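Undergrad: the sequence isn't on hand, but the structure is:
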């Protein structure tokens, strides 16, 4: 297993996903197609994205979005919080589950292009996630988290819970969000504006206008159960993390649950996510979080393209899997201004996307865990 953190400026076209880093082609550095690229994993590509079950461009007009948010917020090519960790609780987990995402305006998680000219304009965002097979999850989480699952605005064609609108504590900004059960799918809609107050009725009217298209998408979304989550809190998994990071023993941190999309992804078994900390030797330090998504080749390709587009200092390495070298993607979140500072190692093995995000430091330990998990699949 090797891990390489190469720092440098990306100088070739993002659309070709090619960089030049310290004498290596970007194809080699980032695990893309190249003459010496390790085998065993498909080449991620943004050239032929899979059609979303929701036509974002047809869902709402640019004028309607601008009116709601107080200014222009054009349709984007990546989801909100595109580079969030763990990936298993974010928008690409929704995509891997057969669902959909849409974003208009800025990415609140900082997933915009590194080549774009920095903007001084106020941030404005409208975001949608649509998770299939979520009716039972909706009911369970409603009972589990009654305080955050209060009934929301009335919608024709959907049940709303956990919504709210609020003004920023400083400045003129504001935000609104809600969750709507549409047929068997969970829709999460949020809007934010850095320089205007979002009208609550206008926000709910916009969400209502989404529902016919979301109901039609729900009828087309996959109904089969996702692969069972992996037992990442099992004894052998804990030993593998302890062996990589060095503590005497390791335990799993309980998730901080609330009524919302991250809990829905966990409850619906769309993802395997475990956060680990050291235990048993007088230390209780956080070690990192593992995320595994199945049926995720398309989601990983989209994420990979977003990383290359956003982070000029992302690099690559390899892990050993089945007698072959498989390319990994390595990034340090502080390089792109994201917080908290983490080292993130990602790999696609077959259709499984494995990610380990740890407090910033060497990528060796996270890569070791990723390699071990790949061997379990």
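TA: Yes, it's here. This is a predicted model, so every value here is computed, not measured.

Undergrad: mind listing the helices for the stretch 151-300 of the chain?
TA: Assigned by DSSP state H, counting those that start in this stretch, the stretch 151-300 of the chain shows helices spanning 200-220, 235-245, 261-267, 297-310.

Undergrad: contacts for the shortest one, please.
TA: Outside helix 261-267, the residues that touch it by C-beta atoms under 8 Å, 6 or more residues apart in numbering are 88-89, 93-94, 97, 129, 131, 134, 137-138, 140-141, 145, 179, 186, 188, 255, 257, 270-271, 273. Where you see a C-beta, it was placed from the backbone N, CA and C, and this is true even at glycine.

Undergrad: give the buried subset of the residues you listed as a PyMOL selection command.
TA: Buried residues within these, by 16 or more other C-beta atoms under 10 Å, are selected in PyMOL with:
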select buried, resi 88+89+93+94+97+129+131+134+137+138+141+145+179+186+188+270+271+273
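
Undergrad: narrow the contacts of helix 261-267 to those in strands?
TA: Those of those mapping onto strands are 129, 131, 179, 186, 188, 273, per DSSP state E.

Undergrad: export the helices of the stretch 151-300 of the chain to CSV and tack on distance to residue 51, mean pLDDT and mean neighbour count?
TA: Compiled in CSV, those are given as follows (distance: least, C-beta to C-beta, whole Å; pLDDT from 0 to 100; neighbours: other C-beta atoms under 10 Å):
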stretch, distance to residue 51, mean pLDDT, mean neighbour count
helix 200-220, 11, 96, 18
helix 235-245, 36, 96, 18
helix 261-267, 22, 94, 22
helix 297-310, 10, 94, 23
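
Undergrad: in three-state terms, label the closest residue in space to residue 332 that isn't next to it in sequence for me.
TA: Leaving aside its sequence neighbours, residue 332 sits nearest to residue 343 (C-beta to C-beta, 6 or more residues apart in numbering; 5.4 Å). Here residue 343 is strand, with the state taken from DSSP: H, G, I helix; E, B strand; the rest coil.

Undergrad: which ones are touching residue 258?
TA: Residue 258 makes contact with 145, 148, according to C-beta under 8 Å, 6+ apart.

Undergrad: let's go with 10 Å and repeat that
TA: 141, 144-145, 147-149, 162 (C-beta atoms under 10 Å, 6 or more residues apart in numbering).

Undergrad: among those, name the buried ones.
TA: Using 16+ other C-beta under 10 Å, the buried ones in the contacts of residue 258 are 141, 145, 148-149, 162.

Undergrad: what is the nearest of those residues to residue 123?
TA: Among the buried ones among the contacts of residue 258, residue 162 lies closest to residue 123 (C-beta to C-beta), at 23.0 Å.

Undergrad: quick check: the closest one vs residue 141, distance?
TA: For residue 162, the distance to residue 141 (C-beta to C-beta, to the nearest Å) stands at 9 Å.

Undergrad: shared neighbours of those two, anything?
TA: With contacts taken as C-beta under 10 Å, 6+ apart, the residues that reach both residue 162 and residue 141 are 148-149, 179, 258-260.

Undergrad: which two among those residues are spaced furthest apart?
TA: The largest separation in the shared contacts of residue 162 and residue 141, counting by C-beta to C-beta, is between 179 and 258 at 11.0 Å.

Undergrad: any common contacting residues for those two?
TA: Joint contacts of residue 179 and residue 258 (C-beta under 10 Å, 6+ apart) are 141, 148-149, 162.

Undergrad: and which of the residues you listed is nearest residue 175?
TA: Comparing the shared contacts of residue 179 and residue 258 against residue 175 with C-beta to C-beta picks out residue 162 as the nearest, at 13.8 Å.

Undergrad: give the contact list for that closest one.
TA: Each residue near residue 162 by C-beta under 10 Å, 6+ apart is listed here: 141-142, 145, 147-152, 177-180, 188, 258-261.

Undergrad: got it, and residue 375?
TA: By C-beta under 10 Å, 6+ apart, the contact list for residue 375 reads 240, 319-322, 349.

Undergrad: return the subset of those lying in helices.
TA: The helices, defined by DSSP state H, take in residue 240 from the contacts of residue 375.

Undergrad: pLDDT check: weakest of the contacts of residue 375?
TA: Least confident entry in those, by pLDDT: residue 322, with 90.

Undergrad: for that one, give me phi and psi.
TA: With angles defined as degrees, to the nearest 10, residue 322 sits at phi 60, psi 30.

Undergrad: who's in contact with residue 96?
TA: Counting by C-beta under 10 Å, 6+ apart, residue 96 touches 87-88, 226, 265, 270-271, 293-300, 302-303, 351-353.

Undergrad: let's see 6 Å
TA: Counting by C-beta atoms under 6 Å, 6 or more residues apart in numbering, residue 96 makes contact with 293, 295-296, 299.

Undergrad: now these in CSV, with distance to residue 359?
TA: Converted to CSV, the contacts of residue 96 look like this (distance: C-beta to C-beta, whole Å):
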residue, distance to residue 359
293, 22
295, 30
296, 25
299, 25
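
Undergrad: of all those, which comes closest to residue 54?
TA: Proximity of the contacts of residue 96 to residue 54 (C-beta to C-beta) peaks at residue 299, which lies at 15.2 Å.
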